[in-house]
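> what follows is a predicted structure for the sequence shown.
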Amino acid sequence: MLDRHVLLLNQNYEPLSVCKARRALVLVMSRKAEMLEASGTAARTVRMSYRLPSVLRLNYFVRVKRREVPLTKRNVLRRDGGVCQYCGRRGALMTTDHVIPRAADGADTWENLVCACTECNSRKGNMTPAQAMMPLRRKPKKPHYFTFAIASLGDVPDGWRQYLFMS
């Protein structure tokens, strides 16, 4: 019960992180944060019952250094949802493909790497998508750290959507 996820917002309502309900209760009890949304469940002690929060807002502003999502094959596949960006196939055997090939000075960047099935990757070869007549389904772009982290949680609780600009 205390391992539930809680959305933690900065004083200006900017999403900061996701923490466990145990940490959230400590923040509320020490008056460092206020509860904006309750989860509907409670933690009970012998004498008291505490509502577990779902969304917290800090009472003070925290200056955070913007974190970056590391560029790895696994993260490129996660960004694209394991879907081939050329044919739309889903599968276990996915690779990353350079949109502009390395032979044509294509760099290892978020905007140049996409998820591709092995068949499309070998069919495209050392050509650009236009040369191979294989248009991309979606233009690749660098993911935002927080939205990338939220996507790894799976289903976003309904109470969080308004704070994550998803409503």
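Perfect, thanks for sending it.

> going forward, measure contacts and count neighbours with C-alpha atoms only.
OK.

> and the spatially most central residue of the chain, how far from Val46?
Ranked by distance to the mean C-alpha position of the chain (CA atoms, centre = their mean), the top residue is Phe148 at 1.7 Å. Taking CA to CA, to the nearest Å as the measure, Phe148 falls 40 Å from Val46.

> which stretches of this protein form strands?
5-9, 15-20, 33-44, 49-58, 94-98, 113-117 (DSSP state E).

> ok, back up a step: measure the residue nearest to the centre of the chain to Asp80 for me?
Distance from Phe148 to Asp80, by CA to CA: 11 Å.

> again, but for Val28
37 Å.

> for Thr109, same thing?
In terms of CA to CA, Thr109 sits 14 Å off from Asp80.

> look at the residue of the chain most remote from its centre and report its pLDDT.
For the chain, the largest distance from the centre (CA atoms, centre = their mean) belongs to Arg47, which lies 39.2 Å off. Per-residue confidence (pLDDT) for Arg47: 91.

> what's the separation between Arg66 and Asn59?
Counting by CA to CA, the gap from Arg66 to Asn59 is 21 Å.

> what of Asn126?
Per CA to CA, Asn126 is found 54 Å from Asn59.

> ok, now Arg79?
Taking CA to CA, one finds Arg79 at 33 Å from Asn59.

> repeat that for Gly40.
From Gly40 to Asn59 the distance is 23 Å (CA to CA).

> of the two, which one has the most company?
The residue with more neighbours, out of Gly40 and Asn59, is Asn59; 16 against 9, by other CA atoms under 10 Å.
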